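K.L.:
just coords:
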């Protein structure tokens, strides 16, 4: 008889934490608390008599052995997920799990979903949203919209739409902004997910940074947009996310200069799934919605 393998749950926790380099983010991905992730990994380390992580006060990093173990285990778990999704797909071909950033889902996709349901009521959609824009996504999905495009060796990947940003605010604030220097009297809104966004905008616009009267930081992009819409200050708005607010007059862009970040939203889907009818219909509808959205 071969040697007993470690519990699958412990291995799954290790792979998630190793990829995300965070017990908290691994917990979010697996629906567990950070302490549960830490406990499972500690049990795994004790079971194998090896240490896989160097634990700092606010971060973790893989040991050399942990990195080699992750390199071997990661593809195995990817294969398990892929095989499982093929079985699920064969059982429920009209169910689609769509993964994307929370802000994109809340501010752009969700208001349009009724149109998709009206045309394709037989397709059951499940939205799987995540807060962190730039952390690699390792959940299960049928169609993903991700930023940026990380390596997806077994997936079809194509650019969907650019990420261009510019300052936006409510009309009452815009009335007091006549030129760039007036930002020094305003509250500037930031998101910790894109901490250098304002700096990049000033640089791309060929302008010197302005020191605002006050800075407010948010750890979630959607919260930052809510603050802009509620008149808390001036924020940076992405074309795709604020187009409807600009059209309705709820928000205005006091300066016309937009800058394109060095990443785009990308469509990600398993190559074998592209020909399936529900995937084809959703992707076709998604691209039509993008084409109809005022991006410039």
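P.N.:
Nice, I can see it. All values derive from a computational prediction rather than experimental measurement.

K.L.:
The helix or strand harbouring residue 224 - contacts with which helices or strands?
P.N.:
Here residue 224 sits within helix 221-229, counting by DSSP states H and E. Applying 3 or more Cβ pairs under 8 Å, 6 or more residues apart in numbering; DSSP states H and E, we find helix 221-229 packed against helix 102-104, strand 187-191, strand 214-218, strand 235-238, helix 239-248. C-betas here are computed from N, CA, C, even on glycine.

K.L.:
gap between the fourth one and the chain center?
P.N.:
What separates the centre of strand 235-238 from the centre of its chain is 16 Å, taken as Cα atoms, centre = their mean, to the nearest Å.

K.L.:
Next: the first one.
P.N.:
Taking the mean of its C-alpha atoms, helix 102-104 sits 7 Å from the chain's own mean (Cα atoms, centre = their mean).

K.L.:
Now do the buried residues in the helix holding residue 224.
P.N.:
Applying a neighbour-count criterion of 16 or more other Cβ atoms under 10 Å, one finds 221-222, 224-229 buried in helix 221-229.

K.L.:
Could you do stretch 168-187 as well?
P.N.:
Buried residues in stretch 168-187, counted by 16+ other Cβ under 10 Å: 168-170, 173-174, 177, 180, 183, 186-187.

K.L.:
From those residues, which land in helices?
P.N.:
Of the buried residues of stretch 168-187, the ones assigned to helices by DSSP state H are 173-174.

K.L.:
which one of the buried residues of stretch 168-187 sits closest to residue 239?
P.N.:
Residue 239 has its nearest neighbour among the buried residues of stretch 168-187 in residue 168, at 10.3 Å by Cβ to Cβ.

K.L.:
For the closest one, give the beta-bridge partners.
P.N.:
Residue 168 forms beta bridges with residue 235, as assigned by DSSP bridges.

K.L.:
Quick check: which ranges of this protein have low pLDDT?
P.N.:
Along the chain, segments meeting pLDDT under 70 span 1-3, 85-86, 88-93, 132-136, 138, 148-151, 294-296.

K.L.:
counting contacts, what elements does the lengthiest helix in it pack onto?
P.N.:
The longest helix of the chain (DSSP H) is helix 64-91. Secondary-structure packing of helix 64-91 (3+ Cβ pairs under 8 Å, 6+ apart): helix 8-20.

K.L.:
what angle sits between the helix or strand following the helix it packs on and helix 8-20?
P.N.:
Beyond helix 8-20 on the C-terminal side, the first helix or strand identified by DSSP H and E is helix 23-30. Helix 23-30 runs at 120 degrees relative to helix 8-20, counting by axes from the mean of the first three to the mean of the last three Cα atoms, to 10 degrees.

K.L.:
quick check, distance from helix 23-30 to the centre of its chain.
P.N.:
That offset, for helix 23-30, works out to 14 Å (Cα atoms, centre = their mean).

K.L.:
Not counting the helix holding residue 224 itself, show me its contacts.
P.N.:
Residues from elsewhere that reach helix 221-229, judged by Cβ atoms under 8 Å, 6 or more residues apart in numbering: 101-103, 106-107, 131, 133, 168-170, 189-191, 193-194, 216, 218, 233-235, 237, 241-242, 245, 250-251.
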